[in-house]
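>>> No sequence on hand, only this structure:
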């Protein structure tokens, strides 16, 4: 099963089989992948969790607090008794009879470096197999390997599904997807820059072929597919919205109810442009691969800290911001408790949202703020930090473009970093941007950070 989820799910688009196949065969492979994922993610376990989270979103403040306490109590006892890392820090016997929030204070605050250093001691001895491994670069730029079981994946998918429902999604609805999957090789110069996924009624569009020249083709394909929902990076759907604004046009699809953005910061101006040109509300979802905090957008434009997803401690920072220190409820295989995300929120001073949910309102999330790079043929490419996901031999990495036609991939090498690792990074980048860009890998002692200590994974100064 791990082979099915990992190899087919993660590596299919870069396999020689997929790349060399005609479009129809590629679409058949995508459909097969979708069927496997749908079977694993949308079984009886998923349906039970989805039914639960549909109910818990309507708990009043007191009931929501009780729910969090029960979830926290169960997780802390599990971690202290079965996870070697936490056993070394917390005596399980001291947790008995202690209020969950008080018990939480016995656990150390951790971050990415601590988790990386702890290795497999973060895994529960009672974890169900198989474990599915994922990686993240995050806003601090350093790859981190995370493991979870199918139960955790089902729970995560249930919360995302609920966010899609907030955006108007219904079973069987058509969707479009513009989120960084390598559905079309970066070297391809001719449309179509998308593939069809009939299993999920989805049009999967490349986010690496967007340009002023290709924008009309993207928009025509979208209107023809006429999705009820679009899921996209802010930079991808924002580019198409900017094109529509520039030419004085509006999106021509008739069925669109909402656009769900995630994985990048969505600035207010881009949101307004998208909503104006596409004629629907934008629902922004903030989440992390570490699964310790989530912020979702409701039907009344409220951004909510999702309290039935995790327990979040808010640490005060400058300018009215609070850093998210999260304890996720979903992943019992590799529980992350009091995990410092490096991301911050500004809480809203408003009253309860008109939607009726008791989740706290957030004015804004200050997270990822990466740039897009500009390619010689006029395309733009965003979320290129993903080339570092799964990379070996590096401590952290950053892509910098300060001249047209070339980029520097700066890496802080770890022990054993080799020419093979360097070539793998270049290849991962070429898979996304093609062969016209000049790519230089530079080994450096450290990378420049922002004043808040974050690393921008991609910087473009041209």
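Happy to help now that I have it. Computed from a prediction, not measured in an experiment: that's the story for all the values here.
>>> Quick check, central residue of the protein?
With distances taken as Cα atoms, centre = their mean, residue 263 lies nearest the centre of the chain, 4.5 Å away.
>>> ok, that residue - contacts?
The contact partners of residue 263, taken as Cβ atoms under 8 Å, 6 or more residues apart in numbering, are 179, 180, 233, 368, 383. (Glycine included, C-beta is placed from N, CA and C.)
>>> How about the contacts made by the first one?
Spelled out, that is residue 179. Taking Cβ under 8 Å, 6+ apart, one finds 207, 231, 232, 233, 236, 263 in contact with residue 179.
>>> Greatest separation within the contacts of residue 263: which pair is it?
Farthest apart among those by Cβ to Cβ are 179 and 368. That separation is 13.9 Å.
>>> picking up where we left off before, and the gap between the residue nearest to the centre of the chain and residue 118?
From residue 263 across to residue 118, the span is 26 Å (Cβ to Cβ, to the nearest Å).
>>> What of residue 288?
18 Å.
>>> which SS state does the nearest residue to residue 43 once chain neighbours are set aside fall under?
Take residue 43 and drop its neighbours on the chain: the residue closest to it by Cβ to Cβ, 6 or more residues apart in numbering is residue 154, 7.6 Å away. When classified by DSSP: H, G, I helix; E, B strand; the rest coil, residue 154 comes out as helix.
>>> ok, residue 154 touching residue 44?
No: with contact defined as Cβ atoms under 8 Å, residue 154 does not reach residue 44; the gap is 9.5 Å.
>>> between these two, which one's more packed in?
residue 154 (21 against 8; other Cβ atoms under 10 Å).
>>> Against residue 49, how distant is that one?
Separation of residue 154 from residue 49 (Cβ to Cβ): 6 Å.
>>> Contact partners for the residue nearest to residue 43?
Contacts of residue 154 by Cβ under 8 Å, 6+ apart are 41, 43, 45, 46, 49.
>>> Could I have the buried ones of these as ChimeraX selection syntax?
Here is the ChimeraX command that picks out the buried ones among these, judged by 16 or more other Cβ atoms under 10 Å:
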select :41,45,46,49
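>>> With distance to residue 123 added, can I get the contacts of residue 154 in a markdown table?
Output for these, formatted as a markdown table (distance: Cβ to Cβ, whole Å):
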| residue | distance to residue 123 |
| --- | --- |
| 41 | 22 |
| 43 | 24 |
| 45 | 21 |
| 46 | 23 |
| 49 | 22 |
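>>> Out of the contacts of residue 154, list just those in strands.
Among these, none falls in strands (DSSP state E).
>>> Okay, and which of the contacts of residue 154 map to helices?
Using DSSP state H to define helices, the subset of the contacts of residue 154 located there is 41, 45, 46, 49.
>>> Using the three-state scheme, assign residue 207.
Classified using three-state DSSP, residue 207 is coil.
>>> That one and residue 177 touch, don't they?
No: if you go by Cβ under 8 Å, residue 207 and residue 177 don't touch, sitting 9.3 Å apart.
>>> So for these two, which residue has more residues nearby?
Using other Cβ under 10 Å, the more surrounded residue of residue 207 and residue 177 is residue 207, with 27 against 22.
>>> returning to that earlier point: between residue 288 and residue 118, which one's more packed in?
Between residue 288 and residue 118, residue 288 has the larger neighbour count (other Cβ under 10 Å), namely 24 against 17.
>>> Residue 311: what's it in contact with?
68, 71, 72, 104, 326, 327, 329.
>>> Export the residues you listed to CSV and append columns for neighbour count, distance to residue 311 and pLDDT.
Shown next, in CSV, are the contacts of residue 311 (neighbours: other Cβ atoms under 10 Å; distance: Cβ to Cβ, whole Å; pLDDT from 0 to 100):
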residue, neighbour count, distance to residue 311, pLDDT
68, 22, 6, 97
71, 21, 7, 97
72, 20, 5, 97
104, 19, 7, 97
326, 24, 7, 98
327, 23, 5, 98
329, 22, 7, 97
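>>> Show me where the stretch 301-450 of the chain has its helices.
With DSSP state H, counting those that start in this stretch as the criterion, the stretch 301-450 of the chain has helices at 419-433.
>>> Give me the neighbour count for residue 420.
Neighbours of residue 420 using other Cβ under 10 Å come to 10.
>>> Would you check how far apart it and residue 408 are?
Residue 420 sits at a distance of 20 Å from residue 408 (criterion: Cβ to Cβ).
>>> Repeat that for residue 438.
10 Å.
>>> Neighbour count for these two, which is higher?
Taking other Cβ under 10 Å, residue 438 and residue 408 do not tie; residue 408 has more neighbours (18 against 12).
>>> Does that one touch residue 425 like I think?
No: Residue 408 lies out of contact with residue 425 (Cβ under 8 Å); the separation is 11.6 Å.
>>> Need the nearest residue in space to residue 94, chain neighbours excluded.
Closest to residue 94 by Cβ to Cβ, 6+ apart is residue 106, at 6.6 Å.
>>> so which strand or helix has the one you found?
Using DSSP states H and E, residue 106 falls within no helix or strand.
>>> Model confidence at it, what's the number?
Predicted confidence (pLDDT) for residue 106: 96.
>>> cool, residue 380 as well?
Residue 380 carries a pLDDT value of 84.
>>> Quick check: phi and psi on the residue nearest to it when sequence neighbours are not counted?
Excluding its sequence neighbours, the residue lying closest to residue 380 (Cβ to Cβ, 6+ apart) is residue 372, at 4.5 Å. With angles defined as degrees, to the nearest 10, residue 372 sits at phi -100, psi 150.
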